[in-house]
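In: Sequence and computational prediction follow.
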Amino acid sequence: MNVVDLQKKLIAAAKAAPPGVGVPYAFEHRIMAHLRSAPAIDNWGTWAVGLWRASVPCVALMVGLSIWSAVTPDNAPTASATSTNGDISQQIERTVLAAAEQDQAADSTW
């Protein structure tokens, strides 16, 4: 089928059809005016609602973990932790001070 003939037939059929009475006069102007009068989306409000909804599970998780930590017994120190090195805080302090002492030893050679 020839495309030019098809185009002529479609244009003739469109011209022969009467305009529809289903769409009222100035319908597009009323729709556009209605869209312009719609409120803008509040991004900060959307974030606030989401964060408030997320706070409920966070508080529930916090309460659950607090109860769990209060109910479980304290762990007694094991033999390896109380051996010659002492408490973990003392081990950390020795490690930090050892690094500081190495820096001082390097400075003294200059």
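Out: Nice, thanks for sending it over.
In: check which helix or strand covers residue 19.
Out: Under the criterion of DSSP states H and E, residue 19 resides outside all helices and strands.
In: what pLDDT does it get?
Out: Reported pLDDT at residue 19 in the predicted model: 74.
In: What is the neighbour count of residue 94?
Out: Other residues within reach of residue 94 by the criterion other Cβ atoms under 10 Å amount to 13. Using the backbone N, CA and C atoms, a C-beta is placed for each residue, glycine as well.
In: Please enumerate the helices of this protein.
Out: For the chain, the helices defined by DSSP state H cover 3-16, 27-37, 43-71, 88-108.
In: export those to JSON lines and tack on mean pLDDT?
Out: Formatted as JSON lines, the helices of the chain follow (pLDDT from 0 to 100):
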{"stretch": "helix 3-16", "mean pLDDT": "91"}
{"stretch": "helix 27-37", "mean pLDDT": "87"}
{"stretch": "helix 43-71", "mean pLDDT": "93"}
{"stretch": "helix 88-108", "mean pLDDT": "76"}
